[in-house]
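> Okay, structure incoming, though there's no sequence with it:
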(Lines give C-alpha, C1' and ligand atoms only; values in the text may rest on other atoms or scores of the structure.)
Protein backbone atom coordinates (compact mmCIF):
# COMPACT_ATOMS: atom_id res chain seq x y z
CA UNK A 1 0.00 0.00 0.00
CA UNK A 2 1.55 3.33 -1.07
CA UNK A 3 2.46 5.73 1.69
CA UNK A 4 0.44 8.90 1.99
CA UNK A 5 2.17 12.17 1.21
CA UNK A 6 2.15 15.15 3.54
CA UNK A 7 -0.50 16.80 1.40
CA UNK A 8 -2.76 13.74 1.49
CA UNK A 9 -2.43 13.52 5.26
CA UNK A 10 -3.23 17.20 5.60
CA UNK A 11 -6.38 16.80 3.49
CA UNK A 12 -7.54 13.80 5.55
CA UNK A 13 -7.02 15.61 8.83
CA UNK A 14 -8.86 18.70 7.55
CA UNK A 15 -11.83 16.70 6.30
CA UNK A 16 -11.99 14.71 9.54
CA UNK A 17 -12.40 18.05 11.33
CA UNK A 18 -15.13 19.12 8.88
CA UNK A 19 -13.19 22.20 7.77
CA UNK A 20 -12.97 23.80 4.35
CA UNK A 21 -9.57 24.91 3.05
CA UNK A 22 -10.55 28.51 3.71
CA UNK A 23 -11.72 27.79 7.28
CA UNK A 24 -8.53 25.87 8.07
CA UNK A 25 -6.27 28.65 6.86
CA UNK A 26 -8.01 31.58 8.60
CA UNK A 27 -6.68 33.95 9.73
CA UNK A 28 -3.06 33.05 8.96
CA UNK A 29 -3.01 31.15 5.65
CA UNK A 30 -4.92 31.60 2.41
CA UNK A 31 -7.20 29.01 0.81
CA UNK A 32 -4.85 28.94 -2.19
CA UNK A 33 -1.81 28.08 -0.07
CA UNK A 34 -3.70 25.29 1.73
CA UNK A 35 -4.62 23.90 -1.70
CA UNK A 36 -0.97 23.97 -2.81
CA UNK A 37 0.05 22.12 0.36
CA UNK A 38 -2.62 19.45 -0.11
CA UNK A 39 -1.51 18.86 -3.70
CA UNK A 40 2.15 18.67 -2.58
CA UNK A 41 3.03 21.66 -4.75
CA UNK A 42 4.45 23.58 -1.75
CA UNK A 43 6.31 22.63 1.42
CA UNK A 44 5.30 24.15 4.76
CA UNK A 45 7.87 25.85 6.93
CA UNK A 46 8.56 24.45 10.40
CA UNK A 47 6.41 27.18 11.96
CA UNK A 48 3.55 26.58 9.49
CA UNK A 49 3.58 22.82 10.08
CA UNK A 50 3.45 23.40 13.85
CA UNK A 51 0.52 25.79 13.39
CA UNK A 52 -1.39 23.31 11.22
CA UNK A 53 -0.63 20.54 13.71
CA UNK A 54 -2.16 22.57 16.54
CA UNK A 55 -5.20 23.58 14.43
CA UNK A 56 -5.99 20.00 13.44
CA UNK A 57 -5.18 18.35 16.77
CA UNK A 58 -2.53 16.07 15.31
CA UNK A 59 1.14 15.65 16.27
CA UNK A 60 3.69 16.90 13.80
CA UNK A 61 4.80 13.30 13.26
CA UNK A 62 1.35 12.49 11.80
CA UNK A 63 2.08 14.68 8.78
CA UNK A 64 5.63 13.42 8.37
CA UNK A 65 5.06 9.72 9.01
CA UNK A 66 6.09 7.73 5.95
CA UNK A 67 8.24 10.50 4.48
CA UNK A 68 11.59 9.35 3.18
CA UNK A 69 13.40 11.85 5.34
CA UNK A 70 12.59 14.39 8.00
CA UNK A 71 14.60 17.57 7.75
CA UNK A 72 17.30 18.26 10.31
CA UNK A 73 15.66 21.63 10.80
CA UNK A 74 12.38 19.99 11.85
CA UNK A 75 14.14 17.65 14.27
CA UNK A 76 16.15 20.50 15.76
CA UNK A 77 12.98 22.55 16.17
CA UNK A 78 11.24 19.77 18.09
CA UNK A 79 14.30 19.12 20.25
CA UNK A 80 14.57 22.81 21.13
CA UNK A 81 10.88 22.98 21.97
CA UNK A 82 11.12 19.92 24.19
CA UNK A 83 14.11 21.29 26.10
CA UNK A 84 12.26 24.58 26.53
CA UNK A 85 9.27 22.78 28.05
CA UNK A 86 11.61 20.90 30.40
CA UNK A 87 13.26 24.12 31.57
CA UNK A 88 9.79 25.55 32.34
CA UNK A 89 8.87 22.31 34.17
CA UNK A 90 6.03 21.69 31.74
CA UNK A 91 6.68 17.99 31.90
CA UNK A 92 3.59 16.67 30.13
CA UNK A 93 4.15 19.01 27.18
CA UNK A 94 7.81 17.96 27.08
CA UNK A 95 6.82 14.29 27.19
CA UNK A 96 4.61 14.67 24.13
CA UNK A 97 7.31 16.52 22.17
CA UNK A 98 10.07 14.04 22.95
CA UNK A 99 7.84 11.00 22.34
CA UNK A 100 7.13 12.45 18.91
CA UNK A 101 10.81 13.14 18.36
CA UNK A 102 11.72 9.54 19.24
CA UNK A 103 9.37 8.32 16.50
CA UNK A 104 10.63 10.77 13.89
CA UNK A 105 14.30 10.17 14.66
CA UNK A 106 13.86 6.40 14.55
CA UNK A 107 12.03 6.62 11.24
CA UNK A 108 14.74 8.83 9.77
CA UNK A 109 17.50 6.72 11.28
CA UNK A 110 19.01 9.79 12.95
CA UNK A 111 20.86 8.20 15.89
CA UNK A 112 22.15 11.41 17.47
CA UNK A 113 18.67 12.92 17.64
CA UNK A 114 17.18 9.62 18.84
CA UNK A 115 19.59 9.54 21.79
CA UNK A 116 18.71 13.10 22.76
CA UNK A 117 15.01 12.31 22.39
CA UNK A 118 15.28 9.22 24.63
CA UNK A 119 17.08 11.32 27.23
CA UNK A 120 14.52 14.12 27.06
CA UNK A 121 11.63 11.66 27.28
CA UNK A 122 13.19 10.04 30.34
CA UNK A 123 13.68 13.43 32.03
CA UNK A 124 10.10 14.47 31.26
CA UNK A 125 8.72 11.21 32.69
CA UNK A 126 10.90 11.72 35.76
CA UNK A 127 9.35 15.16 36.20
CA UNK A 128 5.93 13.49 36.02
CA UNK A 129 7.13 10.95 38.64
CA UNK A 130 6.48 8.03 36.30
CA UNK A 131 9.61 6.40 37.64
CA UNK A 132 9.50 2.99 35.96
CA UNK A 133 9.03 4.46 32.47
CA UNK A 134 11.61 7.16 33.16
CA UNK A 135 14.14 4.52 34.20
CA UNK A 136 13.67 2.59 30.95
CA UNK A 137 14.24 5.59 28.69
CA UNK A 138 17.14 6.94 30.75
CA UNK A 139 18.82 3.52 30.67
CA UNK A 140 18.48 3.44 26.87
CA UNK A 141 19.92 6.95 26.65
CA UNK A 142 22.82 5.99 28.93
CA UNK A 143 23.74 2.93 26.86
CA UNK A 144 23.46 4.79 23.57
CA UNK A 145 25.30 7.84 24.92
CA UNK A 146 28.21 5.70 26.12
CA UNK A 147 28.38 3.86 22.80
CA UNK A 148 28.48 7.19 20.96
CA UNK A 149 30.99 8.73 23.38
CA UNK A 150 28.51 11.50 24.25
CA UNK A 151 29.62 12.58 27.73
CA UNK A 152 26.82 15.15 28.26
CA UNK A 153 24.19 12.48 27.55
CA UNK A 154 25.95 10.04 29.87
CA UNK A 155 26.07 12.61 32.71
CA UNK A 156 22.44 13.62 32.34
CA UNK A 157 21.22 10.04 32.10
CA UNK A 158 23.18 9.05 35.23
CA UNK A 159 21.80 12.08 37.06
CA UNK A 160 18.28 11.08 36.05
CA UNK A 161 18.74 7.44 37.05
CA UNK A 162 20.17 8.60 40.38
CA UNK A 163 17.04 10.65 40.97
CA UNK A 164 14.83 7.67 40.07
CA UNK A 165 16.67 5.64 42.75
CA UNK A 166 16.46 8.51 45.25
CA UNK A 167 12.71 8.89 44.81
CA UNK A 168 12.30 5.18 45.42
CA UNK A 169 14.15 5.58 48.71
CA UNK A 170 17.21 3.71 47.37
CA UNK A 171 19.73 6.22 48.67
CA UNK A 172 22.84 4.05 48.41
CA UNK A 173 22.13 3.26 44.76
CA UNK A 174 21.39 6.93 44.08
CA UNK A 175 24.68 7.93 45.68
CA UNK A 176 26.58 5.45 43.49
CA UNK A 177 24.93 6.77 40.31
CA UNK A 178 25.61 10.43 41.19
CA UNK A 179 29.27 9.62 41.91
CA UNK A 180 29.48 7.84 38.56
CA UNK A 181 28.09 10.97 36.89
CA UNK A 182 30.75 13.06 38.66
CA UNK A 183 33.49 10.84 37.23
CA UNK A 184 32.19 11.58 33.72
CA UNK A 185 32.03 15.36 34.29
CA UNK A 186 35.69 16.16 33.45
CA UNK A 187 35.06 14.95 29.89
CA UNK A 188 32.72 17.93 29.45
CA UNK A 189 35.69 20.30 29.80
CA UNK A 190 33.83 22.77 32.02
CA UNK A 191 30.79 22.93 29.76
CA UNK A 192 27.27 22.70 31.22
CA UNK A 193 28.00 24.21 34.66
CA UNK A 194 24.32 23.93 35.61
CA UNK A 195 24.41 20.16 35.06
CA UNK A 196 27.60 19.91 37.14
CA UNK A 197 25.94 21.90 39.91
CA UNK A 198 22.85 19.70 39.90
CA UNK A 199 24.87 16.49 40.16
CA UNK A 200 26.80 17.87 43.15
CA UNK A 201 23.54 19.11 44.69
CA UNK A 202 21.76 15.76 44.40
CA UNK A 203 24.84 13.90 45.65
CA UNK A 204 24.89 16.21 48.68
CA UNK A 205 21.28 15.31 49.41
CA UNK A 206 21.93 11.56 49.34
CA UNK A 207 25.09 11.94 51.42
CA UNK A 208 23.11 13.89 54.00
CA UNK A 209 20.35 11.27 54.04
CA UNK A 210 22.86 8.50 54.72
CA UNK A 211 24.75 10.37 57.46
CA UNK A 212 27.90 11.30 55.48
CA UNK A 213 27.67 14.91 56.57
CA UNK A 214 31.25 16.10 55.91
CA UNK A 215 31.08 14.82 52.34
CA UNK A 216 27.66 16.41 51.95
CA UNK A 217 29.07 19.83 52.92
CA UNK A 218 31.74 19.48 50.25
CA UNK A 219 29.18 18.48 47.61
CA UNK A 220 26.82 21.35 48.47
CA UNK A 221 29.68 23.87 48.48
CA UNK A 222 30.79 22.78 45.02
CA UNK A 223 27.17 22.90 43.81
CA UNK A 224 26.89 26.47 45.04
CA UNK A 225 30.06 27.47 43.18
CA UNK A 226 28.86 25.88 39.92
CA UNK A 227 25.44 27.58 40.18
CA UNK A 228 26.99 30.97 40.90
CA UNK A 229 29.19 30.55 37.82
CA UNK A 230 26.14 29.61 35.76
CA UNK A 231 24.19 32.61 37.15
CA UNK A 232 21.41 30.41 38.54
CA UNK A 233 20.42 32.22 41.77
CA UNK A 234 17.40 30.03 42.47
CA UNK A 235 19.65 26.95 42.40
CA UNK A 236 22.17 28.75 44.60
CA UNK A 237 19.22 28.77 47.02
CA UNK A 238 18.97 24.97 46.76
CA UNK A 239 22.65 24.62 47.70
CA UNK A 240 22.21 27.05 50.61
CA UNK A 241 19.26 24.99 51.83
CA UNK A 242 21.37 21.82 51.67
CA UNK A 243 24.14 23.47 53.69
CA UNK A 244 21.51 24.63 56.16
CA UNK A 245 20.36 21.02 56.56
CA UNK A 246 23.90 19.97 57.49
CA UNK A 247 24.29 22.78 60.03
CA UNK A 248 20.91 21.87 61.48
CA UNK A 249 21.97 18.23 61.77
CA UNK A 250 25.06 19.31 63.70
CA UNK A 251 23.08 21.48 66.10
CA UNK A 252 24.22 24.83 64.61
CA UNK A 253 20.67 26.10 64.52
CA UNK A 254 21.28 29.83 64.20
CA UNK A 255 23.54 29.36 61.18
CA UNK A 256 21.07 26.92 59.62
CA UNK A 257 18.16 29.33 60.05
CA UNK A 258 20.17 32.13 58.42
CA UNK A 259 20.92 29.96 55.38
CA UNK A 260 17.28 28.88 55.11
CA UNK A 261 16.07 32.47 55.17
CA UNK A 262 18.55 33.43 52.44
CA UNK A 263 17.38 30.48 50.35
CA UNK A 264 13.74 31.36 50.96
CA UNK A 265 14.34 34.94 49.70
CA UNK A 266 15.86 33.59 46.46
CA UNK A 267 12.98 31.14 45.94
CA UNK A 268 10.34 33.80 46.55
CA UNK A 269 12.13 36.19 44.19
CA UNK A 270 11.87 33.58 41.43
CA UNK A 271 8.39 32.36 42.49
CA UNK A 272 9.62 28.78 42.86
CA UNK A 273 6.75 27.30 44.86
CA UNK A 274 8.20 23.80 44.99
CA UNK A 275 11.42 25.06 46.55
CA UNK A 276 9.49 27.37 48.90
CA UNK A 277 7.60 24.33 50.21
CA UNK A 278 10.86 22.51 50.92
CA UNK A 279 12.55 25.43 52.66
CA UNK A 280 9.46 26.03 54.81
CA UNK A 281 9.76 22.42 55.99
CA UNK A 282 13.44 22.98 56.75
CA UNK A 283 12.67 26.15 58.71
CA UNK A 284 10.10 24.18 60.67
CA UNK A 285 12.67 21.50 61.49
CA UNK A 286 15.27 23.99 62.77
CA UNK A 287 12.65 25.74 64.93
CA UNK A 288 11.60 22.38 66.35
CA UNK A 289 15.21 21.51 67.18
CA UNK A 290 15.56 24.91 68.82
CA UNK A 291 12.71 24.19 71.21
CA UNK A 292 10.11 26.25 69.35
CA UNK A 293 7.83 23.51 67.98
CA UNK A 294 4.63 25.53 68.02
CA UNK A 295 6.22 28.13 65.72
CA UNK A 296 7.42 25.26 63.53
CA UNK A 297 3.86 23.97 63.01
CA UNK A 298 3.02 27.01 60.85
CA UNK A 299 5.93 26.28 58.49
CA UNK A 300 5.02 22.61 58.13
CA UNK A 301 1.38 23.49 57.45
CA UNK A 302 2.43 26.01 54.78
CA UNK A 303 4.71 23.42 53.17
CA UNK A 304 1.90 20.86 53.19
CA UNK A 305 -0.57 23.29 51.60
CA UNK A 306 1.85 24.23 48.79
CA UNK A 307 2.77 20.60 48.10
CA UNK A 308 -0.88 19.63 47.81
CA UNK A 309 -1.57 22.56 45.51
CA UNK A 310 1.29 21.47 43.24
CA UNK A 311 0.25 17.80 43.56
CA UNK A 312 3.80 17.03 44.67
CA UNK A 313 3.36 13.77 46.55
CA UNK A 314 7.00 13.46 47.64
CA UNK A 315 7.10 16.85 49.37
CA UNK A 316 3.61 16.24 50.76
CA UNK A 317 4.91 13.03 52.42
CA UNK A 318 7.81 14.89 53.96
CA UNK A 319 5.58 17.66 55.33
CA UNK A 320 3.14 15.12 56.80
CA UNK A 321 5.93 13.18 58.50
CA UNK A 322 7.58 16.30 59.91
CA UNK A 323 4.23 17.66 61.08
CA UNK A 324 3.61 14.38 62.92
CA UNK A 325 6.99 14.69 64.68
CA UNK A 326 6.35 18.32 65.54
CA UNK A 327 2.90 17.65 66.98
CA UNK A 328 4.38 14.83 69.06
CA UNK A 329 6.90 17.26 70.57
CA UNK A 330 4.05 19.75 71.18
CA UNK A 331 2.30 17.04 73.20
CA UNK A 332 -0.61 16.65 70.79
CA UNK A 333 -0.54 12.86 70.55
CA UNK A 334 -3.87 12.43 68.74
CA UNK A 335 -2.95 14.76 65.87
CA UNK A 336 0.59 13.35 65.74
CA UNK A 337 -0.88 9.89 65.19
CA UNK A 338 -3.30 11.20 62.54
CA UNK A 339 -0.57 12.91 60.49
CA UNK A 340 1.84 9.98 60.89
CA UNK A 341 -0.80 7.56 59.57
CA UNK A 342 -1.51 9.90 56.64
CA UNK A 343 2.22 10.11 55.92
CA UNK A 344 2.54 6.31 55.87
CA UNK A 345 -0.50 5.95 53.57
CA UNK A 346 0.63 8.71 51.21
CA UNK A 347 4.17 7.34 51.08
CA UNK A 348 2.79 4.05 49.76
CA UNK A 349 0.76 5.87 47.12
CA UNK A 350 3.66 7.92 45.76
CA UNK A 351 6.53 5.51 46.42
CA UNK A 352 8.37 7.36 49.20
CA UNK A 353 9.16 4.57 51.68
CA UNK A 354 11.79 6.70 53.44
CA UNK A 355 9.20 9.21 54.65
CA UNK A 356 6.88 6.32 55.53
CA UNK A 357 9.66 4.88 57.71
CA UNK A 358 10.13 8.19 59.55
CA UNK A 359 6.41 8.41 60.20
CA UNK A 360 6.45 4.76 61.30
CA UNK A 361 8.93 5.67 64.05
CA UNK A 362 6.41 8.18 65.42
CA UNK A 363 3.65 5.55 65.37
CA UNK A 364 5.93 3.08 67.13
CA UNK A 365 6.76 5.50 69.94
CA UNK A 366 3.09 6.43 70.35
CA UNK A 367 2.14 2.74 70.59
CA UNK A 368 4.85 2.21 73.23
CA UNK A 369 3.46 5.10 75.25
CA UNK A 370 0.02 3.49 75.17
CA UNK A 371 1.57 0.28 76.46
CA UNK A 372 0.87 -1.56 73.18
CA UNK A 373 4.32 -3.10 72.96
CA UNK A 374 3.51 -5.58 70.20
CA UNK A 375 2.28 -2.83 67.86
CA UNK A 376 5.24 -0.62 68.81
CA UNK A 377 7.80 -3.34 68.05
CA UNK A 378 6.09 -4.19 64.75
CA UNK A 379 6.10 -0.54 63.61
CA UNK A 380 9.74 -0.09 64.60
CA UNK A 381 10.90 -3.28 62.90
CA UNK A 382 9.07 -2.38 59.69
CA UNK A 383 10.69 1.08 59.76
CA UNK A 384 14.09 -0.51 60.43
CA UNK A 385 13.76 -2.81 57.40
CA UNK A 386 13.11 0.17 55.13
CA UNK A 387 15.90 2.22 56.68
CA UNK A 388 18.36 -0.62 56.05
CA UNK A 389 17.24 -0.80 52.39
CA UNK A 390 17.64 2.96 52.00
CA UNK A 391 20.90 3.27 53.92
CA UNK A 392 19.33 5.58 56.55
CA UNK A 393 21.90 4.89 59.27
CA UNK A 394 20.93 7.76 61.56
CA UNK A 395 17.29 6.66 61.76
CA UNK A 396 18.45 3.11 62.48
CA UNK A 397 20.28 4.36 65.58
CA UNK A 398 16.98 5.83 66.79
CA UNK A 399 14.95 2.70 66.06
CA UNK A 400 17.35 0.26 67.70
CA UNK A 401 17.63 2.46 70.79
CA UNK A 402 13.85 2.45 71.10
CA UNK A 403 13.63 -1.31 70.55
CA UNK A 404 16.32 -1.84 73.20
CA UNK A 405 14.36 0.32 75.63
CA UNK A 406 11.17 -1.67 75.01
CA UNK A 407 12.96 -5.02 75.41
CA UNK A 408 14.62 -3.86 78.62
CA UNK A 409 11.31 -2.68 80.05
CA UNK A 410 9.95 -6.21 79.54
CA UNK A 411 12.97 -7.80 81.21
CA UNK A 412 14.35 -9.24 77.94
CA UNK A 413 17.87 -8.06 78.67
CA UNK A 414 19.72 -10.21 76.13
CA UNK A 415 17.43 -8.92 73.38
CA UNK A 416 17.96 -5.36 74.62
CA UNK A 417 21.74 -5.86 74.48
CA UNK A 418 21.45 -7.15 70.91
CA UNK A 419 19.49 -4.04 69.87
CA UNK A 420 22.09 -1.80 71.54
CA UNK A 421 24.75 -3.60 69.51
CA UNK A 422 22.78 -2.99 66.30
CA UNK A 423 22.46 0.70 67.22
CA UNK A 424 26.22 0.84 67.68
CA UNK A 425 26.80 -0.86 64.31
CA UNK A 426 24.47 1.64 62.63
CA UNK A 427 26.42 4.48 64.22
CA UNK A 428 29.66 2.97 62.93
CA UNK A 429 28.27 3.23 59.37
CA UNK A 430 28.53 7.02 59.78
CA UNK A 431 31.96 8.55 59.22
CA UNK A 432 33.84 9.35 62.41
CA UNK A 433 33.89 13.06 61.62
CA UNK A 434 30.09 13.00 61.46
CA UNK A 435 29.47 10.99 64.63
CA UNK A 436 28.54 13.97 66.84
CA UNK A 437 25.97 15.14 64.28
CA UNK A 438 24.60 11.61 63.97
CA UNK A 439 24.13 11.31 67.72
CA UNK A 440 22.42 14.70 67.71
CA UNK A 441 19.96 13.37 65.13
CA UNK A 442 19.51 10.02 66.82
CA UNK A 443 16.02 10.87 68.11
CA UNK A 444 14.27 12.41 65.07
CA UNK A 445 10.92 12.75 66.81
CA UNK A 446 12.39 14.75 69.69
CA UNK A 447 13.57 13.48 73.06
CA UNK A 448 10.72 12.74 75.44
CA UNK A 449 12.34 15.09 77.93
CA UNK A 450 11.89 17.91 75.42
CA UNK A 451 8.26 17.13 74.69
CA UNK A 452 5.95 19.91 75.79
CA UNK A 453 3.03 19.18 78.10
CA UNK A 454 -0.23 18.30 76.42
CA UNK A 455 -2.20 21.56 75.98
CA UNK A 456 -5.47 21.89 77.84
CA UNK A 457 -8.53 21.37 75.71
CA UNK A 458 -11.18 24.16 75.61
CA UNK A 459 -14.24 23.33 77.63
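In hand now; what should we look at? This structure is a prediction, so every number in the text was calculated from the model and none was measured.

> Now do the helices in the stretch 151-300 of the chain.
Secondary structure of the stretch 151-300 of the chain (DSSP state H, counting those that start in this stretch): helices located at 151-167, 171-184, 193-209, 213-229, 233-249, 253-269, 273-289, 293-309.

> Out of those, the one nearest residue 116 is which?
helix 151-167 (7.1 Å; C-beta to C-beta). Placement of C-beta: from N, CA and C, glycine included.

> what's the angle from the helix or strand encompassing residue 403 to helix 193-209?
For residue 403, the element it lies in under DSSP states H and E is helix 393-409. If you take axes from the mean of the first three to the mean of the last three C-alpha atoms, to 10 degrees, helix 393-409 sits at 10 degrees to helix 193-209.

> list the helices and strands helix 393-409 packs on?
With contacts taken as 3 or more C-beta pairs under 8 Å, 6 or more residues apart in numbering; DSSP states H and E, helix 393-409 sits against helix 353-370, helix 373-390, helix 413-428, helix 435-440.

> deepest of those, which one?
helix 353-370 (a mean of 24; mean count of other C-beta atoms under 10 Å).

> That one to helix 193-209, inter-axis angle?
20 degrees.

> What mean pLDDT does helix 353-370 get?
For helix 353-370, the mean per-residue pLDDT is 91.

> what distance separates that helix from the centre of its chain?
Centre-to-centre, helix 353-370 and its host chain are 24 Å apart (C-alpha atoms, centre = their mean, to the nearest Å).

> So which bits of the helix holding residue 403 are buried?
393-404, 406-407 (16 or more other C-beta atoms under 10 Å).

> what's stretch 150-162 in contact with?
Contact partners of stretch 150-162, identified using C-beta atoms under 8 Å, 6 or more residues apart in numbering, comprise 115-116, 119, 122-123, 126, 134-135, 138-139, 141-142, 144-146, 173-175, 177-178, 180-181, 184-185, 187-188, 191-192, 195, 198-199, 202-203, 206.

> Could you provide the helices and strands packed on helix 393-409 in TSV, with additional columns for distance to residue 303?
Formatted as TSV, the helices and strands packed on helix 393-409 follow (distance: least, C-beta to C-beta, whole Å):
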stretch	distance to residue 303
helix 353-370	13
helix 373-390	22
helix 413-428	28
helix 435-440	23
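
> wait, which of those helices is closest to residue 323?
Residue 323 lies closest to helix 353-370 among those, at 9.7 Å (C-beta to C-beta).

> can you give me the angle the closest one makes with helix 151-167?
Interaxial angle, helix 353-370 versus helix 151-167 (the same axes, to 10 degrees): 20 degrees.

> low-scoring stretches of this structure, by residue?
1-2, 46, 61, 64-73, 107-109, 430-459 (pLDDT under 70).

> Pop the domain breakdown of it in here.
6-63, 391-441 (the TED database).

> Quick one: closest of these to residue 165.
Closest among the domains of the chain, using C-beta to C-beta: domain 391-441, at 10.8 Å.

> Run the chain-centre distance for the closest one.
Computed by C-alpha atoms, centre = their mean, the separation of domain 391-441 from the middle of its chain amounts to 29 Å.

> could you dump the helices of the stretch 151-300 of the chain to a markdown table with mean neighbour count and distance to residue 78?
A markdown table is the format used below for those (neighbours: other C-beta atoms under 10 Å; distance: least, C-beta to C-beta, whole Å):
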| stretch | mean neighbour count | distance to residue 78 |
| --- | --- | --- |
| helix 151-167 | 23 | 17 |
| helix 171-184 | 20 | 26 |
| helix 193-209 | 24 | 21 |
| helix 213-229 | 20 | 29 |
| helix 233-249 | 23 | 27 |
| helix 253-269 | 19 | 32 |
| helix 273-289 | 23 | 27 |
| helix 293-309 | 20 | 31 |
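
> Reformat those helices as JSON lines; add distance to residue 345.
Converted to JSON lines, the helices of the stretch 151-300 of the chain look like this (distance: least, C-beta to C-beta, whole Å):
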{"stretch": "helix 151-167", "distance to residue 345": "18"}
{"stretch": "helix 171-184", "distance to residue 345": "22"}
{"stretch": "helix 193-209", "distance to residue 345": "22"}
{"stretch": "helix 213-229", "distance to residue 345": "30"}
{"stretch": "helix 233-249", "distance to residue 345": "26"}
{"stretch": "helix 253-269", "distance to residue 345": "29"}
{"stretch": "helix 273-289", "distance to residue 345": "19"}
{"stretch": "helix 293-309", "distance to residue 345": "14"}
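
> how about the nearest residue to residue 420, chain neighbours excluded?
residue 404 (4.8 Å; C-beta to C-beta, 6 or more residues apart in numbering).

> Quick one: residues contacting the one you found.
Contact analysis of residue 404 by C-beta under 8 Å, 6+ apart lists 416-417, 419-420, 423.

> State the distance from it to residue 12.
73 Å (C-beta to C-beta, to the nearest Å).

> what's the distance between the closest residue to residue 13 other than its chain neighbours and residue 29?
Closest residue to residue 13 apart from its sequence neighbours, by C-beta to C-beta, 6+ apart: residue 56 at 4.3 Å. Distance, residue 56 to residue 29, using C-beta to C-beta: 12 Å.

> what's the overlap in contacts for these two?
Between them, residue 56 and residue 29 share no contacting residue, judged by C-beta under 8 Å, 6+ apart.

> on that earlier part again, any idea which of the buried residues of helix 393-409 is closest to residue 48?
residue 395 (57.8 Å).

> Please tabulate the buried residues of helix 393-409 in JSON lines, including the columns distance to residue 359.
Converted to JSON lines, the buried residues of helix 393-409 look like this (distance: C-beta to C-beta, whole Å):
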{"residue": "393", "distance to residue 359": "18"}
{"residue": "394", "distance to residue 359": "16"}
{"residue": "395", "distance to residue 359": "11"}
{"residue": "396", "distance to residue 359": "16"}
{"residue": "397", "distance to residue 359": "18"}
{"residue": "398", "distance to residue 359": "13"}
{"residue": "399", "distance to residue 359": "13"}
{"residue": "400", "distance to residue 359": "18"}
{"residue": "401", "distance to residue 359": "18"}
{"residue": "402", "distance to residue 359": "14"}
{"residue": "403", "distance to residue 359": "17"}
{"residue": "404", "distance to residue 359": "21"}
{"residue": "406", "distance to residue 359": "19"}
{"residue": "407", "distance to residue 359": "23"}
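
> Name the nearest of those residues relative to residue 18.
Ranked by distance to residue 18 (C-beta to C-beta), the buried residues of helix 393-409 are led by residue 395 at 61.6 Å.

> can you tell me which residues contact the closest one?
Residues in contact with residue 395 (C-beta under 8 Å, 6+ apart) are 357-358, 361, 383, 387, 444.

> Could you measure from it over to residue 410?
Here the criterion is C-beta to C-beta. By it, residue 395 lies 23 Å from residue 410.

> Same check on residue 252?
Distance check for residue 252 against residue 410: by C-beta to C-beta, it reads 38 Å.

> same check, this time on residue 45
Residue 45 is 79 Å from residue 410, by C-beta to C-beta.

> Likewise for residue 394?
26 Å.

> do residue 348 as well
30 Å.

> now do residue 136
Counting by C-beta to C-beta - residue 136 and residue 410 are separated by 49 Å.
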